[in-house]
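# show me the folded form of this:
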Amino acid sequence: MSAVPLRSVPAGAPPRLAGVWLADQLGTSAAARVQATGHALLDAQLPGGGWPLGALTEVLQPAAGLHVWQLVLPALAQATAERPGAVVLVAPPHEPFAPALRAGGLDAARLCRVQATSAAQALWAAEQALRCRDVQAVLAWLPQAAPESLRRLQLAAAQMGQLLWVFRPAKVRQQASPAPLRLWVEAVAASGGAELQVQVLKRRGPPMEQPLVLPASNAALARVLAASAARGEGRRAPPQQQPAKPAVLLPLAAWLDRLPAGGVQHALDRMAVAAHHPH
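Next up is the predicted model:
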């Protein structure tokens, strides 16, 4: 029996074996599929260089709904341009702001919004959407989801290979999570306006020592928002106090057709408006 020669490695260095990753390396695999985030700095910090397909990405935020689209819109625009399939929004706190989505390259007709009246309904809807072959991506707002519920979503996404983002409050940061990728996102003040500070809390690789700072919007979006605000100022009379109207569920395409021509008042770092019945 002949001896098998050992590979020489530098003294004190662990061996590098094919298919095995070490804690000081970003996890990479030929079988792993990712979708580029559209943010080069963020891609460089994520295993495989993008959002994982078929895995849960958990995003923690101080306030629900803010900065979501700035973070995921570039990836969704590219993904929907390359592949068919719907983008399902489960229990979003705000309706999407259609002009901003169009400016970012996402066809609003590809969106489907699911309104849930309880946490259990939202979890059920998210899991069913992930098991649908006609769904390409799921964005779910699940502030009260338990780890075992998130694990079910992780398994469902893995079976069908979709993009999955779950948005939760920053206060759950210390809770255990089955998500392979976990981010903490918040806005920071900058000379040119708000920017996004992104901390990678969990990834297949070493801890990230410093957070990333990403632009909160791009030039095309800024032009759309400025034009919309100018039209609104020129066409609308001073607002009068009106009784609140109950929230309703409408297909997004129908909502877009009924959107007031003057647009909606908003700040540059907001790409959504509170859900309401259009006038």
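
# all helices for the chain, in order.
For the chain, the helices defined by DSSP state H cover 40-43, 68-82, 98-103, 119-130, 147-160, 219-235, 252-257.

# weakest of those helices by average pLDDT?
Mean pLDDT is lowest for helix 252-257 among these, at a mean of 40.

# what ranges does the stretch 1-150 of the chain have for its strands?
All strands of the stretch 1-150 of the chain, identified by DSSP state E, counting those that start in this stretch, fall at 34-35, 51-52, 55-61, 86-90, 94-96, 111-114, 135-141.

# please tabulate those strands in TSV, including the columns mean neighbour count.
For glycine as for every other residue, the C-beta is placed from the backbone atoms N, C-alpha and C. As requested, the strands of the stretch 1-150 of the chain are exported to TSV (neighbours: other C-beta atoms under 10 Å):
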stretch	mean neighbour count
strand 34-35	21
strand 51-52	26
strand 55-61	23
strand 86-90	23
strand 94-96	21
strand 111-114	20
strand 135-141	25
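
# out of the ones you listed, flag the one nearest Gln159.
Ranking these by proximity to Gln159 (C-beta to C-beta) places strand 55-61 first, at 11.2 Å.

# rewinding a little: kindly reformat the strands of the stretch 1-150 of the chain as a markdown table containing distance to Leu42 and mean pLDDT.
Below are the strands of the stretch 1-150 of the chain laid out as a markdown table (distance: least, C-beta to C-beta, whole Å; pLDDT from 0 to 100):
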| stretch | distance to Leu42 | mean pLDDT |
| --- | --- | --- |
| strand 34-35 | 12 | 96 |
| strand 51-52 | 9 | 96 |
| strand 55-61 | 11 | 95 |
| strand 86-90 | 20 | 96 |
| strand 94-96 | 22 | 86 |
| strand 111-114 | 23 | 93 |
| strand 135-141 | 17 | 96 |
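
# now those as TSV including distance to Leu41?
Formatted as TSV, the strands of the stretch 1-150 of the chain follow (distance: least, C-beta to C-beta, whole Å):
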stretch	distance to Leu41
strand 34-35	15
strand 51-52	14
strand 55-61	16
strand 86-90	24
strand 94-96	25
strand 111-114	27
strand 135-141	22
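
# which of those sits closest to Pro207?
Comparing these by C-beta to C-beta, strand 55-61 comes nearest, at 15.7 Å.

# and the closest one, what does it pack onto?
On a contact count with 3 or more C-beta pairs under 8 Å, 6 or more residues apart in numbering; DSSP states H and E, strand 55-61 meets helix 68-82, helix 147-160, strand 163-169, strand 181-188.

# now the angle from the longest one to strand 55-61?
Using axes from the mean of the first three to the mean of the last three C-alpha atoms, to 10 degrees, one finds that helix 68-82 and strand 55-61 are set 150 degrees apart in direction.

# the last one now?
Between strand 181-188 and strand 55-61, the angle formed by their directions is 30 degrees, by the same axes, to 10 degrees.

# strand 181-188: partners in the sheet, and parallel or antiparallel?
strand 55-61 (parallel), strand 195-202 (antiparallel) (DSSP bridges).

# which one of the helices and strands packed on strand 55-61 lies nearest to Glu195?
Once the helices and strands packed on strand 55-61 are compared by C-beta to C-beta, strand 181-188 is nearest, at 5.4 Å.

# with only the CA atoms kept, save that closest one in CSV.
Output of strand 181-188 as CSV, limited to C-alpha atoms (Å, rounded to 0.1, in the frame of the first residue of the first chain):
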residue,chain,number,x,y,z
LEU,A,181,-28.0,36.4,6.1
ARG,A,182,-29.1,39.0,8.6
LEU,A,183,-28.7,42.8,8.2
TRP,A,184,-29.3,45.8,10.4
VAL,A,185,-30.3,48.9,8.3
GLU,A,186,-30.9,52.5,9.4
ALA,A,187,-30.6,56.0,8.0
VAL,A,188,-27.8,58.3,8.8
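
# Trp141: which of the helices and strands packed on strand 55-61 is closest?
strand 163-169 (4.9 Å).

# can you list contacts of that closest one?
Strand 163-169 is contacted by residues 35, 51, 53, 55-62, 64-65, 68, 72, 75-76, 79, 126, 130, 136-143, 145, 150, 153-154, 157, 179 when judged by C-beta atoms under 8 Å, 6 or more residues apart in numbering.

# for the record, mean pLDDT for it?
96.
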